[in-house]
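A.B. asks: Compute the structure for the input listed below.
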Amino acid sequence: MLAPTPASPESAGMSTIALNRLEAHLKSRYIDAGRFPGTQVLIYRRGKIVHSTVQGFADLERKVPVKDDTIFRIYSMTKPITSVAFMMLVEEGKVALDEPVAKYIPEWKNLGVFVAGNAPAFLTRSPTRPMEIVDLLRHTSGLTYGFQQRSNVDAAYREKKIGEVIKAGTLDSMIEDLAKIPLEFSPGEAWNYSVSTDVLGYLVGKISGQPFEQFLKERIFKPLGMNDTDFFVPSGKVHRFAACYSADPQGGFNPLAAERKGTLTLQDDPTTSSFLSPPSLVSGGGGLCSTAADYLTFCRALLNGGELGGVRLLGPKTLKLMASNHLPGGVDLPAMSRSMFAEAAYNGIGFGLGFAVTMHPAQTLIAGSPGEFNWGGAATTSFFIDPAEELITIFMTQVLPSSAYPLRRELRTMVYAAITESNL
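C.D. replies: Numbers count the residues shown, from 1 in each chain. Down below sits the predicted model:
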């Protein structure tokens, strides 16, 4: 895929001075302060790359600098890719959003809703309605993540290692395990960040008739030239693979911890990482590694109505549907969320089919546009796409958890502040 031409910020209605201010902020607040090892920022506007910078180290121990082709664990930034893959099957008439999930996963037909008890002796009730495909895409399925640590259902997920940063089992074993654990709530009654997108990956494989990872490679990555995006890092690219760090005192992934050391602990060494070989569980919710350039290619296809360089992933009407708020009643996340954690701020934000959607910028208290959509990953990677402003921003670093610092709020504020010519 032809890379866009680098150009001055001013040529696309943005300010060099303001973008330099962003880089100085990242250096002083995060890199020099020891909070981040290094950063990469890519900003695309009006068809041009107007800002492309790297700072600091990809690997502190070996003093390897961040480079333009550094490979990062993008964790939950996998979710939009999986969601697009699934919607490709919807467009082909192979599955519909209002179909019951149990049509494709029969062992889930009798899933109950948690009332009391501990695994395996749960007391449950029948859901008010069956889980539908749309519930998986918008996280209203009743599924959860074990790291939320708010219920006995979460504890059962942790016991089975479902949805962990370090993957265990297979997609088939995950589906089998989930059949034995009740839902947190009746589908459609609440929003809860969950393993729903991993289930979508399983369904992509089942409905398409080919392994999920093969579908992504043949239908998305190869056609778009996303050659550095995969569920593992091959031996020839290990020298480009970043180390992953933790801001948590225990050196792990705890998004709910209040205490941060302000320094970094090595969490995943790139020379011994589990990402160096193909995983047994191919996680559509958080398994991919990628580069900023590859992810920009994917985002450009979305910004361009589902097509890039003659390769069409989706039609523009389908993409518009995905980037609309699908929370029941048209409410925002605070009105429905039971989640202790998400890769998005809440007020004025809805949720579409695979990513968060800005509904009311004033309620977010951050500059933005209605219809802007975004998501992020556990290691503080993030992206946002603003169709109205023809803007894409991609941010890369490797620090768990993403909730450690208010980086995303600062990034959005400073990127939007750099716009000198608004399209709105």
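
A.B. asks: Which helix or strand contains the closest residue to residue 97 other than its chain neighbours?
C.D. replies: Nearest non-adjacent residue to residue 97, counting by C-beta to C-beta, 6 or more residues apart in numbering: residue 134, 4.3 Å away. All C-beta atoms are positioned from the backbone trio N, CA, C, and that covers glycine. Per DSSP states H and E, residue 134 falls inside helix 133-138.

A.B. asks: Which is the succeeding secondary structure element to that helix?
C.D. replies: That would be, after helix 133-138 and using DSSP H and E, helix 152-160.

A.B. asks: other SSEs contacting that following helix?
C.D. replies: strand 113-118 (3 or more C-beta pairs under 8 Å, 6 or more residues apart in numbering; DSSP states H and E).

A.B. asks: quick check: mean pLDDT across the strand it packs on?
C.D. replies: Averaged across strand 113-118, the pLDDT comes to 96.

A.B. asks: roughly how far is it from the heart of the chain?
C.D. replies: Relative to the chain's own centre, strand 113-118 is displaced by 29 Å; criterion: C-alpha atoms, centre = their mean, to the nearest Å.

A.B. asks: buried ones in that strand?
C.D. replies: 113, 114 (16 or more other C-beta atoms under 10 Å).

A.B. asks: Neighbouring strands - and their directions - for the following helix or strand past it?
C.D. replies: Once the chain leaves strand 113-118, the next helix or strand it forms, by DSSP H and E, is strand 121-125. Using DSSP bridges, the strands paired with strand 121-125 are strand 113-118 (antiparallel).

A.B. asks: The strand it pairs with vs helix 152-160, what angle?
C.D. replies: Computed by axes from the mean of the first three to the mean of the last three C-alpha atoms, to 10 degrees, the angle separating strand 113-118 from helix 152-160 equals 70 degrees.

A.B. asks: what does strand 113-118 contact?
C.D. replies: 122-127, 142, 151-153, 155-156, 182-186 (C-beta atoms under 8 Å, 6 or more residues apart in numbering).

A.B. asks: please redo it, this time with the cut-off set to 10 Å
C.D. replies: Among residues not part of strand 113-118, those counted as contacts by C-beta atoms under 10 Å, 6 or more residues apart in numbering are 122-128, 142, 144, 151-153, 155-156, 159, 181-187, 189.

A.B. asks: Neighbour count says what about the residues you listed? Which are buried?
C.D. replies: Counted by 16+ other C-beta under 10 Å, the contacts of strand 113-118 give 122, 124, 127, 142, 144, 151, 153, 156, 181-187, 189 as buried.

A.B. asks: and the residues you listed, which two are the farthest apart?
C.D. replies: 156 and 189 (19.7 Å; C-beta to C-beta).

A.B. asks: Residue 131 touches residue 184, doesn't it?
C.D. replies: No - taking contacts as C-beta atoms under 10 Å, residue 131 lies outside contact range of residue 184: 11.7 Å.

A.B. asks: Mutual contacts of those two, please.
C.D. replies: When contacts are counted by C-beta under 10 Å, 6+ apart, residue 131 and residue 184 are jointly contacted by 141, 142, 143.

A.B. asks: What residues does the nearest residue to the first one once chain neighbours are set aside make contact with?
C.D. replies: With C-beta to C-beta, 6+ apart as the measure, residue 135 is the residue that lies nearest to residue 141, at 4.1 Å, once sequence neighbours are left out. Contact analysis of residue 135 by C-beta under 10 Å, 6+ apart lists 97, 100-101, 129, 141-143, 183, 186-189, 191, 194, 196, 199, 326.

A.B. asks: Quick check: closest non-adjacent residue to residue 414.
C.D. replies: residue 22 is the one closest to residue 414 (C-beta to C-beta, 6+ apart), at 4.3 Å.

A.B. asks: which SS state does the one you found fall under?
C.D. replies: Secondary structure state of residue 22, per DSSP: H, G, I helix; E, B strand; the rest coil, is helix.

A.B. asks: Just to check, it is in contact with residue 30?
C.D. replies: No - Residue 22 lies out of contact with residue 30 (C-beta under 10 Å); the separation is 11.3 Å.

A.B. asks: list the residues that contact both of these two?
C.D. replies: Between them, residue 22 and residue 30 share these contacting residues under C-beta under 10 Å, 6+ apart: 39, 410.

A.B. asks: ok, now how distant is residue 163 from residue 152?
C.D. replies: 16 Å (C-beta to C-beta, to the nearest Å).

A.B. asks: Show me the shaky parts of the stretch 151-300 of the chain.
C.D. replies: 257-259, 261 (pLDDT under 70).

A.B. asks: Could I get the full set of helices for it?
C.D. replies: Along the stretch 151-300 of the chain, counting by DSSP state H, counting those that start in this stretch, helices occupy 152-160, 171-178, 196-208, 212-216, 222-224, 292-303.

A.B. asks: would a markdown table of the ones you listed with distance to residue 282 be doable?
C.D. replies: Listed next are the helices of the stretch 151-300 of the chain as a markdown table, based on distance: least, C-beta to C-beta, whole Å:
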| stretch | distance to residue 282 |
| --- | --- |
| helix 152-160 | 17 |
| helix 171-178 | 6 |
| helix 196-208 | 6 |
| helix 212-216 | 5 |
| helix 222-224 | 17 |
| helix 292-303 | 18 |
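
A.B. asks: For residue 75, find the nearest of the ones you listed.
C.D. replies: Of all the helices of the stretch 151-300 of the chain, helix 196-208 comes closest under C-beta to C-beta, at 11.2 Å.
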